[in-house]
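> Generate a structure from the sequence data that follows.
(chains A and B)
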There are 2 protein chains.
Amino acid sequence: MQSNQMKMPLWLDKRAFLTPERMALEENGEKWTWAHLQRGAQELARRLRSAGVLEGDRVALLMENRLQTVAMIHALSYLGAVFVPLNHRLAPPEIAWQLADSEAKLFLFDGSYQEKVEGIEITGTMVVEWSQLKDYPASEGSLKTHIQLHEHHTIMYTSGTTGRPKGVILTYGNHWWSATASMLNLGLHAEDRWLVCTPMFHMSGLSILIRGVIYGMTSVIHQRFEPQKVIHSIHHDKISMVSVVSAMVSQMISDPSFQGVPDHFRCMLLGGGPAPRPLLEKCRERSIPVFQTYGMTETASQIVTLSPEDSLRKLGSAGKALFPAELRVVDGTREVEPGEEGEIIVRGPNVTEGYWKRSDATEEAIQNGWLRTGDIGRIDEEGYLYVLDRRSDLIISGGENVYPAEIEAALLSHSAVADAGVTGYPDERWGAVAIGFVCLQKGQVVSEEELMNHCKGRLAPYKIPRQIYQVEELPRNAANKLMRRQLIQLLSDSTDEGGSME
Amino acid sequence: MQSNQMKMPLWLDKRAFLTPERMALEENGEKWTWAHLQRGAQELARRLRSAGVLEGDRVALLMENRLQTVAMIHALSYLGAVFVPLNHRLAPPEIAWQLADSEAKLFLFDGSYQEKVEGIEITGTMVVEWSQLKDYPASEGSLKTHIQLHEHHTIMYTSGTTGRPKGVILTYGNHWWSATASMLNLGLHAEDRWLVCTPMFHMSGLSILIRGVIYGMTSVIHQRFEPQKVIHSIHHDKISMVSVVSAMVSQMISDPSFQGVPDHFRCMLLGGGPAPRPLLEKCRERSIPVFQTYGMTETASQIVTLSPEDSLRKLGSAGKALFPAELRVVDGTREVEPGEEGEIIVRGPNVTEGYWKRSDATEEAIQNGWLRTGDIGRIDEEGYLYVLDRRSDLIISGGENVYPAEIEAALLSHSAVADAGVTGYPDERWGAVAIGFVCLQKGQVVSEEELMNHCKGRLAPYKIPRQIYQVEELPRNAANKLMRRQLIQLLSDSTDEGGSME
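Now for the predicted structure:
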C-alpha cells in the first residue's frame, strides 16, 4: 500500500501517439492498430458520457474476450470511471450482489448474456446492452488527457475463504508497477505478442491488456481457452508469450496436435496455484520455457516469478519477488527460517490499497503495507519461494498438514490420469482425510487400488487419499483454476452413480 | 517535478538477490557478478562510514571509468549518502567550487589525479585518496536495505548560460523513471550488454550504470572513448547498446577498422545535441541502428528518443517524449503550431526537482512541473521533435557542454581585457570548439598565448578557446546584451584584418 501522487499522460493516448500504426489487438484475423483502438475507445467514452457516466463512477462489464471489450475498458479511462469486471460464470444473484456492492452507475453487457441478465434483480444501476450504446450520441467536450497513479482503475471481486466476495481496488499505479516489474523480469522484445486466452475479467487476462498499452505490445485475443486453437495460434500468430494455469498446459501438451513450441515463443507464464512437478518435468523435456509465477488479484497479477535463468534449475518454485516488491514467509509476526513453512506475506507498489468499502477486511489483510495472503509457502536457502497451497485448501489430518496439490501431483504422475483434484473429507479419527478425484486419459482403465499403490510409493502414508473417485470432469472456474471446494459435490454425484472406482 | 513517496528494496541488494551470478560489470577482461559487486560496495560502505560518512552527506568522487567507481557509487546508496560526481577535466578552482557549493563531507579521488588534487584549495571537506580508504576499518552495524524514490541520489553540476555551475538534484525516482522509460522504448533483451565509453561523471555514463542495476544488464566499461577499441568491443564483447555523441560516431565510422555492426548490436543511442544530417545518412547507409535522443542532466538522461520503427523514417528527429514524459515547444507561455520554432519545455517523473541551494534558479527553470530547457526546437505535424539549437549559447564540444559565459568570465579576469565574447565554431573532430573575442583595455597589449595560459589555470582544457581574436567592439543589442550568434561575423572581419591576435 503505497501512495503515488504521480501524473502522466493517459495511457492509450500516449501509446497511440508514440506508435499509432503498431498493432494493438488481433482477434480471428481482425487487426486493430493503437490509433484505431484509440478512436474506438474515445467514441465509446463519448457515448458513455451521454448515457450519464461521470468521473469516479463504477461501470460493470459482463462481456466476452473480444476486441470491443478492450476498447470499452480504455473508454472508462477517458472518463475517469472505474472498471468493475464481472465473471460470466457467476449466478444471477452473485452478479446482483456485485452490482449493488460496487454501487455501479451502469451495467453493460454483451447480447449473448441476455438470458442470464434477465434473471438478475437489479436496483439502482442502469442496464445497457452493448449494441444499444450506439443509440446514445457521442457527446462533445474534452476527455481526460492525464491519469494520476493513485486514481482507481479497477474494482475486481475476489472470493475469500469465507463470506461475500470482496472488491479489490486496483489503482493505475498498481497496474503500472505490475507491468513494469514483469518487464524487468521477462524483458521486452519489439516482436513480443502476448496471447490472451484467459478471461479479461480476471487479473490474468486484464494484466496482459495493461502491459499491452504500456509496452506497445500486441495482444492476440481468444474468446476462450481451446488447446488446439492455442497451439495453432502460437505458431501461426507468432505468439511469444502466453499466460496459463496448470490444467491448460496439461491439456495442451497432451493434445495430439502439440509438436513443441517454435523459436519465437519465449514465455509460458504459469500461474493460478502450485503446479504439479510431473507437469513441469514434462514441459522441461519438451523445451517449453515455463515461468512459474505467484500472484493474485490483490497484487495486480504477478508478484513472484521465476527468472529466465532459473526456470529449469528451480523447477517447482515460483521464484523471487519482482524488483520493486518484497516477500516474506511468517508464522504470526515471526519470519520463519529457510525451509520452514509459514504464511506468505507480500509488499510492493503493485499491492492493492484495500477492499472497496471494507475497511475491516482491509485492516485485517494489510498491515504496515504487508498483505497477508493466507497462502502457505516456504523459502529455500537461496530465497526461492515454493507455494505449498492456498490456505483454504489445506487439509489438516491428524495434526499433519496435507496439501492437495502434492497429492494431485502424485496422481497425475500416473500415465492413465489426465486430471486430478484432491480435497479434505471429515473423518472421526483424524479430523479430516484427503479424498481424490481423477479423470482418466481417453481409453485408459485403471483400478483405485493401482492408483493407491502408485501414491504409496510417492507420499507419506497420511497423505494417501482415503478414496479415489473417477469422474468425467473436474470443477474449474473461468480461468481454468481447480475449485477444490466444489469437489465434494462430485462425491455425492459419484456415489449416486455407484461409488468409487471399484 | 513530481513527488514519489515510494519505498523499495535498495537496488543493488535486490539485483544481487534476484540474479547473483549474472554478470554486472566487465572491464578489460575482468568480470564482476552482481553478488561480487554487492560485496564490494558493502565493504566500501562500511569503510566510508568509519571515515565519517553519514546518511544525507554529500560525497564527491573524482574517479576514472573503472569497476571500482561503480562499487563506490553503490556504496553511497548503502549509507544514504548523495553522490557528487566530479569531471576530471575541470580545473582545480572549478573543483574547489563544486566541493564547497555541495558542502561535500568527503572528497574521494583516484591516485592518478594526485597532481590535480594538490592544486585544489579545499576547506571543510575531508580528502581521501582512494587507496587510503582501506586504512579505515569496515564498520559493524547494518546498512540501508531500502530506498525511497524521493530521496536524493545524485547532485550533478551543470553550467548555465550565466554564472556558476548549478548542482542538479536527481532522486532515486528520477533515475528509476528514466531507466524504465528508456526500456519501454528500446526494449530489454536477456543478452543486452551496454558499453560505457562516456564518463560516469556525466548522465550519459551514469544512466547506463543505473539501468544496469535495475535491468540486471551487463555494463562493459571503457576508461575512455577510443574508436578502434569501441569497434572491437562491439564485436568481441557482444555489445548490443552504446551511448555516443556525434563526434564519436563520426570517428568510429571513419576509422579504417570499421566494417559495420554485427547482428547482436541493436542500438546506438545518439545524444549530446543535434546530429549533422550527413552523419545520420552515412549511418543509415551502413545499417547502423542509430536512435537520436534528447536529454540533459536535469532529465536524468533521455526524455525524448526515437522509437525503433522511426529511426530510419524520421532521420534528424530526436523522436517523441518517452512514455511517462511530456514535451512542448512554446513561445513564452503559448504553445506554438507544428513546424514553428520555440523553446522546448518538458515534464515528467524523470525531471529534477531543482538545483541544490538555488531556489531562484529552480523557480526560474521549473514552472508548474515544466522544465524550461532554453533549447530551441520544433515539432512536426506527426509530433516528432527536431532540436534546432541548444540553449542559444551552448557549445557542445566532443559531448561536453561548454558555456561561453564561463569562458568569458575567465577572459575578463585578465587585467588587460575590457570585454569578451565566446561562441562555437564548427570542428570536424569535436563537432564544435570555443573561440573567443576580446576588446582590450585602452593602451593595453597582450598576446593570445598569454590569454590562453590565463584560461588554462582556470578552466578545463576542453573549454580553452581554440583561437582568441582581438576586436574593436563586441556586438551587443539595445539592452547591451551580448549577441553571441553574431560573433561569428566578426571572425570574417577579423580574418580580413589578418587573422587572430598573433
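> Before we move on, what's the pLDDT of the nearest residue to A:S287 once chain neighbours are set aside?
Spatial nearest neighbour of A:S287, excluding adjacent residues (C-beta to C-beta, 6 or more residues apart in numbering or on different chains): A:G260 at 6.6 Å. Where C-beta positions appear, they are placed from N, C-alpha and C, glycine not excepted. What the model reports as pLDDT for A:G260 is 94.
> How many residues are close by A:G260?
12 (other C-beta atoms under 10 Å in any protein chain shown).
> Can you classify it by secondary structure?
coil (DSSP: H, G, I helix; E, B strand; the rest coil).
> How about the contacts made by the residue of the stretch 351-500 of chain A found nearest chain B?
In the stretch 351-500 of chain A, the residue that lies nearest chain B is A:G383 (6.1 Å; C-beta to the nearest C-beta). When contacts are counted by C-beta atoms under 8 Å, 6 or more residues apart in numbering or on different chains, A:G383 touches A:K320, A:P338, B:F17.
> Roughly how far does the residue nearest to the second one when sequence neighbours are not counted sit from A:T171?
It stands for A:P338. Computed as C-beta to C-beta, 6+ apart, the closest residue to A:P338 that is not its neighbour in sequence is A:E381, at 4.8 Å. A:E381 sits 36 Å away from A:T171, taking C-beta to C-beta, to the nearest Å as the criterion.
> Which of these two has more residues huddled nearby?
Counted by other C-beta under 10 Å, A:E381 and A:T171 do not tie: A:T171 has more neighbours, with 25 against 8.
> who's in contact with the more buried one?
Contacts of A:T171 (C-beta under 8 Å, 6+ apart): A:N4, A:L149, A:H150, A:E151, A:H152, A:H153, A:E353.
> The spatially most central residue of chain A - nearest residue in space that isn't next to it in sequence?
What sits nearest the mean C-alpha location of chain A, by C-alpha atoms, centre = their mean, is A:S204, with 3.9 Å. Spatial nearest neighbour of A:S204, excluding adjacent residues (C-beta to C-beta, 6+ apart): A:T198 at 4.0 Å.
> ok, that neighbour - contacts?
A:S204, A:G205, A:F225, A:S243, A:V244, A:V245, A:A479, A:N480.
> rerun that using 7 Å as the cut-off
Counting by C-beta atoms under 7 Å, 6 or more residues apart in numbering or on different chains, A:T198 touches A:S204, A:G205, A:F225, A:S243, A:A479.
> Quickly name whichever of these is closest to chain B.
Nearest to chain B, judged by C-beta to the nearest C-beta, of the contacts of A:T198 is A:S243 at 19.1 Å.
> Give me the helices and strands touching the helix or strand where the closest one lies, please.
A:S243 belongs to strand A:241-245 when assigned by DSSP states H and E. When contacts are defined as 3 or more C-beta pairs under 7 Å, 6 or more residues apart in numbering or on different chains; DSSP states H and E, strand A:241-245 packs onto strand A:267-271.
> what's the angle between the strand it packs on and strand A:241-245?
30 degrees (axes from the mean of the first three to the mean of the last three C-alpha atoms, to 10 degrees).
> Beyond strand A:267-271, next helix or strand please.
Immediately after strand A:267-271, counting by DSSP H and E, sits helix A:277-285.
> Counting neighbours, which bits of that next one end up buried?
Across helix A:277-285, burial judged by 16 or more other C-beta atoms under 10 Å in any protein chain shown covers A:R277, A:P278, A:L279, A:L280, A:K282, A:C283.
> mind listing what's buried in the helix ranked longest in chain A?
Criterion DSSP state H: the longest helix present in chain A is helix A:34-50. Neighbour counts using 16+ other C-beta under 10 Å place A:34-38, A:40-49 of helix A:34-50 among the buried residues.
> Just the CA trace of it, in CSV.
Output in CSV follows, covering the C-alpha atoms of helix A:34-50 (Å, rounded to 0.1, in the frame of the first residue of the first chain):
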residue,chain,number,x,y,z
TRP,A,34,-3.3,1.7,-31.5
ALA,A,35,-4.7,4.6,-33.4
HIS,A,36,-7.8,2.6,-34.3
LEU,A,37,-8.2,1.4,-30.7
GLN,A,38,-7.9,5.0,-29.5
ARG,A,39,-10.6,6.2,-31.9
GLY,A,40,-12.9,3.4,-30.9
ALA,A,41,-12.3,4.0,-27.2
GLN,A,42,-12.8,7.7,-27.5
GLU,A,43,-16.1,7.3,-29.3
LEU,A,44,-17.3,4.8,-26.7
ALA,A,45,-16.3,7.2,-24.0
ARG,A,46,-18.4,10.0,-25.6
ARG,A,47,-21.4,7.7,-25.8
LEU,A,48,-20.9,6.5,-22.2
ARG,A,49,-20.9,10.1,-21.1
SER,A,50,-24.2,10.7,-22.9
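> I'd like the mean pLDDT over that helix, please.
Helix A:34-50 shows a mean pLDDT of 98.
> what residues does it touch?
With C-beta under 7 Å, 6+ apart, helix A:34-50 has contacts from A:12-13, A:15-16, A:19-22, A:24-25, A:70-72, A:74-75, A:78-79, A:133, A:136-139, A:143.
> which residues touch the strand holding A:S243?
Counting by C-beta under 7 Å, 6+ apart, A:192, A:194-195, A:197-198, A:204, A:208, A:230, A:234, A:266-273, A:479-481 sit against strand A:241-245.
> Find the closest residue to chain B in the stretch 301-450 of chain A.
Taking C-beta to the nearest C-beta, the stretch 301-450 of chain A has A:P324 as its residue nearest chain B, at 4.5 Å.
> If you could redo that for the stretch 1-150 of chain A, that was the one I meant.
A:M8 (4.5 Å).
> Would you agree that residue is in contact with A:Q148?
No: counting by C-beta atoms under 7 Å, A:M8 does not reach A:Q148; the two are 8.1 Å apart.
> neighbours of A:Q489, just the number please.
11.
> what mean pLDDT does the helix or strand harbouring it have?
A:Q489 belongs to helix A:487-496 when elements are defined using DSSP H and E. Across helix A:487-496, pLDDT averages out at 70.
> Can you get me a residue count around the residue lying closest to A:Q251 once chain neighbours are set aside?
Once flanking residues are discounted, A:Q251 sits nearest to A:P227: 4.4 Å by C-beta to C-beta, 6+ apart. The number of residues packed near A:P227 is 19, by other C-beta under 10 Å.
> Now do the strands in the stretch 1-150 of chain A.
A:7-9, A:23-27, A:30-33, A:58-62, A:82-85, A:106-109, A:126-129, A:146-148 (DSSP state E, counting those that start in this stretch).
> Present those as a markdown table; the columns should include mean neighbour count and distance to A:A365.
Rendered in a markdown table, the data for the strands of the stretch 1-150 of chain A read as follows (neighbours: other C-beta atoms under 10 Å in any protein chain shown; distance: least, C-beta to C-beta, whole Å):
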| stretch | mean neighbour count | distance to A:A365 |
| --- | --- | --- |
| strand A:7-9 | 19 | 28 |
| strand A:23-27 | 21 | 34 |
| strand A:30-33 | 15 | 38 |
| strand A:58-62 | 24 | 21 |
| strand A:82-85 | 25 | 20 |
| strand A:106-109 | 24 | 27 |
| strand A:126-129 | 16 | 32 |
| strand A:146-148 | 16 | 24 |
